[in-house]
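In: Need a 3D model of the following:
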Amino acid sequence: MDDLRGNEAVWVFDGETIEIRYETQGWFKSPLLKELGSLSVPMGAVESVVFEPGAARKKGWVLSLRLRERTDPYLAVGSQIDPKLQPFRLTGPARTELVAEYLADQMRFAAGQAETPPDPWLPTRLVPGLPLLITTCEGQAVLDPDGLRLLWSGSHAGGYKRKKQRREYTLSEITGVEIVPLDDWGWTFLRVVTARTAKEAAAKPKHDLNILRANEDDDGQYRVFLMAATVTAHLWARGAAARARLGSGEVSDADIDGRPGIKDPEWWREAAQNAVGALAAPRLTINLPGLGRGAPADGGDDGAVEPADDGTGPAAEQRAEGGTGHDTDWVYAQIERLGELRDKGLLSEEEFGAKKAELLRRI
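Out: Residues are numbered from 1 along each chain as shown. Just a heads-up that it's a prediction; the model follows:
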């Protein structure tokens, strides 16, 4: 087991994992790393190990871990944050350069030999556990297994937000979180993104009910960054777990109507893609996840499945007579369904317009 002490933390490497203990005393006192306390990184999560001699303060070294795709939520939400505050970055003095470079080589070799962890919940093990509560001068954000809550009770909360008091989200309706970095007035914004926010009119941050503001005077920007990373990690994990269930045919007891992932954004995105593909074809069926192949597109309960067009059925006869295989009522019904997908935020206006024009040409 090898230890490496740097300015920000102590890294302990045992060949399979890197245990990181962040320093909370001394000249380097990061509010973000102090909140984290410690992390355990399996080598299977590491894409590469980068060692940069002479790149730090006073010609010191920099050692960085680059994690696999959709594993590092801090980088995903904070690409604009000071590199010195990245949790998987360690710096040290020039006198320990040889030790650090040796350990970097050992980590690099171990990462190349390790298998990718199959656990879809790995990103959630690299963020604080739930429940997580943060406080800023405008209010609080609380994340627990049931969802995310924004509460405006701080001294800098405006009258409009104080009147509304809170906004609550289930994890299944959140499509993402955004961090808007410091503006000229010293504010950082945590913004929650859902299909609903896309329909709401833009408002000033102090009036936007999807935003929690933080001021640099009380280190609030670090706390909202930590919350954004934690929410992102849980969204990634839920999406990966849902895809694994769909691939294996498993159905969770918590799924509505017995259909896997129906409240998960990944489920809806797959449903939209399948629906658009079905609308472009001559069949009248849409294969939504969990409904089974050949489910009736109109949601009917008669169990009938339209037979495939093998060149001898009614569709073939209509084509032989110069028709398109689609009557006017069918085309308009599909346009209505495309409109519903657009309204849910699953299709852009451009995609809707292009598909609508294609369908109208079939009349």
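
In: how does the protein divide into domains?
Out: 2-117, 132-236, 265-360 (automatic domain parsing).

In: Following the chain past the helix or strand bottoming out on mean pLDDT in the chain, name the next helix or strand.
Out: In the chain, no helix or strand scores lower on mean pLDDT, DSSP states H and E than helix 314-320, which sits at a mean of 41. Going down the chain from helix 314-320, the next helix or strand is helix 328-343, by DSSP states H and E.

In: From the chain's centre, how far out is that next one? Work that out for me.
Out: Distance of helix 328-343 from its chain centroid, counting by CA atoms, centre = their mean, to the nearest Å, is 29 Å.

In: Can you list the helices and strands that that helix packs against?
Out: helix 265-279, helix 349-360 (3 or more CB pairs under 8 Å, 6 or more residues apart in numbering; DSSP states H and E). For every residue, glycine as well, the C-beta is placed using N, CA and C.

In: pLDDT below threshold where in this structure?
Out: Along the chain, segments meeting pLDDT under 70 span 24-28, 79-81, 84, 182-184, 198, 201, 246-327, 344-346, 363.

In: Quick one: the strands in it, in order.
Out: Counting by DSSP state E, the chain has strands at residues 2-5, 9-13, 17-22, 38-42, 46-52, 61-67, 89-92, 132-135, 140-144, 147-151, 166-169, 174-180, 187-194, 211-215.

In: which one of those strands is the most hemmed in?
Out: For the strands of the chain, the largest average neighbour count (mean count of other CB atoms under 10 Å) is found in strand 211-215, namely a mean of 26.

In: Against which helices or strands is that one packed?
Out: strand 187-194, helix 220-248.

In: Please export the alpha-carbon coordinates of that strand; PDB is fine.
Out: This file holds the C-alpha atoms of strand 211-215, laid out as PDB (Å, rounded to 0.1, in the frame of the first residue of the first chain):
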ATOM      1  CA  ILE A 211     -33.000  28.500  -9.500                       C
ATOM      2  CA  LEU A 212     -31.300  28.700  -6.100                       C
ATOM      3  CA  ARG A 213     -28.800  31.500  -5.900                       C
ATOM      4  CA  ALA A 214     -25.500  31.600  -3.900                       C
ATOM      5  CA  ASN A 215     -23.200  34.400  -3.100                       C
END
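
In: Quick check: buried residues in stretch 66-80?
Out: Buried residues in stretch 66-80, counted by 16 or more other CB atoms under 10 Å: 67, 70-78.

In: Alpha carbons of stretch 121-129, as PDB, please.
Out: The C-alpha coordinates for stretch 121-129 follow below in PDB (Å, rounded to 0.1, in the frame of the first residue of the first chain):
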ATOM      1  CA  TRP A 121     -24.600   3.300  -9.100                       C
ATOM      2  CA  LEU A 122     -20.800   3.900  -9.000                       C
ATOM      3  CA  PRO A 123     -21.200   7.700  -9.700                       C
ATOM      4  CA  THR A 124     -23.300   8.000  -6.500                       C
ATOM      5  CA  ARG A 125     -20.400   6.600  -4.500                       C
ATOM      6  CA  LEU A 126     -18.200   9.500  -5.600                       C
ATOM      7  CA  VAL A 127     -20.500  12.100  -4.100                       C
ATOM      8  CA  PRO A 128     -21.900  12.700  -0.600                       C
ATOM      9  CA  GLY A 129     -24.500  10.300   0.600                       C
END
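
In: What residues sit buried inside it?
Out: 122-128.

In: Which of those residues sits closest to Tyr102?
Out: Of all these, Tyr102 sits closest to Leu126, with 25.3 Å by CB to CB.
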